[in-house]
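**Student:** Provided below for reference: sequence and predicted model.
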Amino acid sequence: MLSKIPKCFFSSTSLRYLTKEQVKSYEEDGYLVIKNMLPAHIKSNLASLSTKLEELPETPGKWMKYYEVDKRTGDRMLCRIENFLPFSPELSEISYGLITDISSDLFGEQAVIYKEKINFKFPKGSGFNAHQDQPAFVSFGIDKLLTVLLPIDPNTRLSGGLDMVRKLHKDRKIYSQNSDGAIRTDIEAKMNWIPVDGEAGDLVFFDSFAPHRSDINFSTFTRRNLYLTYNPLSLGSFREKYYEEKRKLFPPECERDPNKDYSEGAKVFNVANPIK
């Protein structure tokens, strides 16, 4: 297993990769899109790296695979893999290197990884209802986080790409929710949703209070998105604690006790998504 720490502490006197205008845009809108930012050797291998993870067997205590149910057939479909960085040197390198540095630019201080996931949206796979990420981070009392989207496959309107809402992150407010943790339907309807499409090599950074959603995948290919979440190192380093807590309260199916109810854990660790 790999063990990584930030390679150096951030100096607020200079930016590593971003311009002041990009940082200001992120702070104003709550998200920032950077086109074709990944190194060529990572960009060209994202799909194969994801496939390797997808093919890993369900194994207690290691990577964490979560599934949804195909509404037409009743079959399980892979929906998410988490806790994979210790088992993927290439993804670990970029996550603890370049993307940590860019996240540090946006925080104005050294960033550290909080968690990672790949979402798999198979053809006809369900979307993710409108939500904010912040409710999933309440366990450790952190209110300053950002998530980075690395598209593996094209994110388009057809494949169920991301929608974002500008500026609402500024209120640092968690909006009223439906029973599944999604933003209440009447509130969602009044928000101004903006399509944010992307492809391999692009990076989309967004604040944990920024509302976002995605639709059903109506394309013929599986739409895979890699997400990395960061917090300022000054607030602590929580990645190991996060996965320890998630394994206890909402573990993958291969680790579940059939006699135990995980619905309370789902309220924190399974917000507004189709995972069962």
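**Tutor:** In hand now; what should we look at?

**Student:** spatially nearest residue to residue 114 (excluding sequence neighbours)?
**Tutor:** Leaving aside its sequence neighbours, residue 114 sits nearest to residue 229 (Cβ to Cβ, 6 or more residues apart in numbering; 4.4 Å). (C-beta placed from N, C-alpha, C; glycine too.)

**Student:** can you give me the offset of whatever helix or strand the one you found lives in from its chain's centre?
**Tutor:** For residue 229, the element it lies in under DSSP states H and E is strand 223-232. With Cα atoms, centre = their mean, to the nearest Å as the basis, strand 223-232 stands 4 Å off its chain's centre.

**Student:** C-alpha coordinates for that strand, PDB please?
**Tutor:** Only the C-alpha atoms of strand 223-232 are listed here, as PDB (Å, rounded to 0.1, in the frame of the first residue of the first chain):
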ATOM      1  CA  ARG A 223     -19.900   7.500 -18.300                       C
ATOM      2  CA  ARG A 224     -17.100   7.300 -15.600                       C
ATOM      3  CA  ASN A 225     -16.100  10.300 -13.400                       C
ATOM      4  CA  LEU A 226     -13.300  10.400 -10.900                       C
ATOM      5  CA  TYR A 227     -13.800  12.700  -8.000                       C
ATOM      6  CA  LEU A 228     -11.200  13.800  -5.400                       C
ATOM      7  CA  THR A 229     -12.100  15.800  -2.300                       C
ATOM      8  CA  TYR A 230      -9.700  18.000  -0.400                       C
ATOM      9  CA  ASN A 231      -9.700  20.100   2.700                       C
ATOM     10  CA  PRO A 232      -7.100  22.600   4.100                       C
END
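
**Student:** can you give me the end-to-end span of stretch 78-86?
**Tutor:** 20 Å (Cα to Cα, to the nearest Å).

**Student:** how about it: buried residues?
**Tutor:** By 16 or more other Cβ atoms under 10 Å, the buried positions in stretch 78-86 come out as 78, 79, 80, 81, 82, 83, 84, 85.

**Student:** looking at those residues, which are in strands?
**Tutor:** 78, 79, 80, 81, 82 (DSSP state E).

**Student:** follow-up on the earlier one: what helices or strands is the strand holding residue 229 leaning on?
**Tutor:** Helices and strands touching strand 223-232, as assessed by 3 or more Cβ pairs under 8 Å, 6 or more residues apart in numbering; DSSP states H and E, comprise helix 46-54, helix 98-107, strand 111-121, strand 146-151.

**Student:** who wins for proximity to residue 237 among the ones you listed?
**Tutor:** In terms of Cβ to Cβ, the element of those nearest to residue 237 is strand 111-121, at 5.1 Å.
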